[in-house]
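Trainee: Just a sequence and a predicted model for now, questions to come.
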Amino acid sequence: MTKNLVPHWISGARDNGTSDRTAPVFDPALGTETKRVVLANQADIEKAISTADAAFPEWRDTSIARRQAILFNFRELLNAKKGELAEILTSEHGKVLSDALGEISRGQEVVEFACGIPHLVKGSFTENASTGVDVYSIHQPLGVVGVISPFNFPAMVPMWFFPIAIAAGNTVVLKPSEKDPSAAIWLGELWKEAGLPDGVFTVLNGDKESVDGLLTDPRVHAISFVGSTPIAQYVYETGAKNGKRVQALGGAKNHMLVLPDADLDLVADSAINAGFGSAGERCMAISVVVAVEPVADALIEKITARMRGLVIGDGRRSCDMGPLVTEQHRDKVASYIDIAIADGADVVVDGRGIEVDGDPNGFWLGPTLIDKVPTTSKVYTEEIFGPVLSIVRVKTFAEGVALINNGAFGNGTAIFTNDGGAARRFQNEVQVGMIGINVPIPVPVAYYSFGGWKASLFGDSKAHGMYGVNFYTQEKTMTSRWLDPSHGGINLGFPQN
Ligand code: NAD
């Protein structure tokens, strides 16, 4: 048996499955393959879905008080042990430890939200809707739900979904990214320790074959997907064709509009944090600064001064930014620097060949700043998903907003200004799902919902908050009458009063 094999998590236990296919898992800061992850075959997919399906009836009928108690246990354990999980994230994704802890905290928020499940799934009751007739509603779980997650948040993105789905009485099959799958297994073990019955939370490791299995199996009732736009669109269409509820969150290209009255020190700090945090591998990263002239030159000076102080290296050391997730992804991101040069942009800081505090074989690419990026260039139109920040110069506020609105994506955006009227007009006119006002990464807290517009979200449900509760439950409405002595006999019309 292969050493360091990342298995599935089925029926509350590690399970190596029966497939002979595996994929490499790297430590990106070392540039070496440290593990291999199993890639499920049809028998493994069947086992994962059927155990989740078998666990559903009992979990659905488990009291809300008991489900809530397990959620509280999970929250306490997660909070106590998050250092362990952060180390796993850093060793497979590459993000620095402090950022890994931040990711876990944002996921933990959703667990805390889901601890309020008794209130969240309450139905409603109307007495005497008609004479002697009561109408009331209840919210019931769906059954098995699938969660398919991307590499960039191996803990937080699954936690956007499974705490609410499980609290509401569903059973979950999570298909993590094959690039960093160990966090999901760790979370499975934590659920077991928290007292979750076997089969309620399953991890199915795999690739397209597993995704297609979840999308087509009639026992799976809903799919929550997060990943790149082309796959999100495929997942949405295939899942919907197979009669499932689907929420499929896709890619992004987030702009930061800087007005001339903005505090440029705040803007420069924010551009650095939001452009290069997690090596730019965040769907809410800022990848384009839209500078309303005459601010661009002064802003670039402030940004470059800060870039000189950034320490790039192994996330286990005291660094600001780690490596990219794989060599292939690093090379793809770096190729945009050549495209920028060919398209006539001005590469102000080139992140290739930087010095790092880490192993020379790591998948490194330093923070890169590109000015005067033509909006026809692929550097502007495509999602790069790395530490490459573009500057586009515009003459007016209106030109900046039009540019943002012409983009294919609508995930997040930010405006930096001290003019409340301009900020208000921006929030009103911009065609984007999540807006920051002097805040660069406007990820909503757990009791609001996360999701973009346009090519950043397929389906009509955002993640977590009340959207999440509604997505994982279906409403049943009852109309009831208990006969009493005043019962009025036969009446074939609708009741009038
Ligand atoms: P990805 O689309 O390559 O993979 C996402 C998931 O889909 C993985 O589990 C993967 O195994 C699976 N998958 C890959 N190819 C598939 C195929 N052909 N058929 C079926 N399934 C397939 O995305 P990624 O590279 O892991 O993650 C980065 C992307 O995710 C970026 O585009 C980023 O913007 C996006 N993202 C979006 C959000 C959001 O909330 N909108 C959040 C995080 C990441």
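Mentor: Sure, I can see it.
Trainee: Confirm that Val373 sits in a helix.
Mentor: No - using DSSP: H, G, I helix; E, B strand; the rest coil, the secondary structure at Val373 is coil, not a helix.
Trainee: Would you list the phi and psi of Phe125?
Mentor: With angles defined as degrees, to the nearest 10, Phe125 sits at phi -140, psi 130.
Trainee: What sits closest to it if chain neighbours are left out?
Mentor: Leaving aside its sequence neighbours, Phe125 sits nearest to Tyr136 (Cβ to Cβ, 6 or more residues apart in numbering; 4.2 Å). Where C-beta positions appear, they are placed from N, C-alpha and C, glycine not excepted.
Trainee: give the contact list for that neighbour.
Mentor: Taking Cβ atoms under 8 Å, 6 or more residues apart in numbering, we find Tyr136 in contact with 123-126, 477-478, 480.
Trainee: what about dumping the CA coordinates of the helix or strand hosting it to CSV?
Mentor: Tyr136 belongs to strand 133-141 when elements are defined using DSSP states H and E. The C-alpha trace of strand 133-141 is given here as CSV (Å, rounded to 0.1, in the frame of the first residue of the first chain):
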residue,chain,number,x,y,z
VAL,A,133,-59.0,26.2,9.9
ASP,A,134,-55.3,26.6,10.8
VAL,A,135,-52.4,26.9,8.3
TYR,A,136,-48.9,26.1,9.2
SER,A,137,-45.5,25.3,7.7
ILE,A,138,-42.5,23.1,8.6
HIS,A,139,-39.1,23.0,7.1
GLN,A,140,-37.7,19.5,6.4
PRO,A,141,-34.3,18.3,5.2
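Trainee: Got the confidence number for Phe56?
Mentor: We have a pLDDT of 99 for Phe56.
Trainee: Likewise for the one 3 residues further on?
Mentor: pLDDT recorded at Trp59 is 99.
Trainee: ok, now Leu483?
Mentor: Here, the pLDDT recorded for Leu483 equals 82.
Trainee: contacting residues for it?
Mentor: Contacts of Leu483 (Cβ under 8 Å, 6+ apart): none.
Trainee: And the helices in the stretch 51-200 of the chain, which stretches?
Mentor: All helices of the stretch 51-200 of the chain, identified by DSSP state H, counting those that start in this stretch, fall at 64-92, 97-114, 117-120, 156-167, 182-194.
Trainee: pLDDT (mean, whole number) over the fourth one?
Mentor: Averaging the model's pLDDT scores along helix 156-167 yields 98.
Trainee: Domain-wise, how is the protein divided?
Mentor: Domain assignment for the chain by automatic domain parsing gives 5-250+456-478, 254-437.
Trainee: residue contacts, the spatially most central residue of the chain?
Mentor: In the chain, the residue lying closest to the centroid (Cα atoms, centre = their mean) is Val157, at 3.9 Å. Val157 sits next to 107, 149-150, 226 when contact means Cβ under 8 Å, 6+ apart.
Trainee: do that again at 6 Å, thanks
Mentor: Applying Cβ atoms under 6 Å, 6 or more residues apart in numbering to Val157 gives the contacts 149, 226.
Trainee: Also Asp346?
Mentor: Contact partners of Asp346, counting by Cβ under 6 Å, 6+ apart, are 371-372.
Trainee: quick one: Ala334 and the ligand, what's the gap?
Mentor: 16 Å (Cβ to the nearest ligand atom, to the nearest Å).
Trainee: count of residues packed around that residue?
Mentor: Ala334 has 21 neighbours, counted by other Cβ atoms under 10 Å.
Trainee: now it: how far from Ala279?
Mentor: Applying Cβ to Cβ, to the nearest Å, the value for Ala334 to Ala279 is 12 Å.
Trainee: Can you tell me, leaving aside adjacent residues, what's nearest to Thr368?
Mentor: The shortest distance from Thr368 to any non-neighbouring residue, by Cβ to Cβ, 6+ apart, is to Gly351 (3.9 Å).
Trainee: neighbours around that neighbour, how many?
Mentor: The local packing of Gly351 (other Cβ under 10 Å) involves 25 other residues.
Trainee: for the one 4 residues further on, same thing?
Mentor: If you count neighbours by other Cβ under 10 Å, Glu355 ends up with 11.
Trainee: How about Lys476?
Mentor: By other Cβ under 10 Å, 11 other residues sit near Lys476.
Trainee: you'd agree it is up against Val135?
Mentor: No - using Cβ atoms under 6 Å, Lys476 is not in contact with Val135; the gap is 11.6 Å.
Trainee: average pLDDT for the strand holding Tyr136?
Mentor: The predicted model gives strand 133-141 an average pLDDT of 98.
Trainee: in it, what's buried?
Mentor: Buried residues in strand 133-141, counted by 16 or more other Cβ atoms under 10 Å: 139, 141.
Trainee: angle of it against helix 156-167?
Mentor: Comparing the axes of strand 133-141 and helix 156-167 via axes from the mean of the first three to the mean of the last three Cα atoms, to 10 degrees yields an angle of 140 degrees.
Trainee: Pull up the pairing partners for strand 133-141, direction included.
Mentor: Sheet pairing of strand 133-141 (DSSP bridges) gives strand 124-130 (antiparallel), strand 473-481 (antiparallel).
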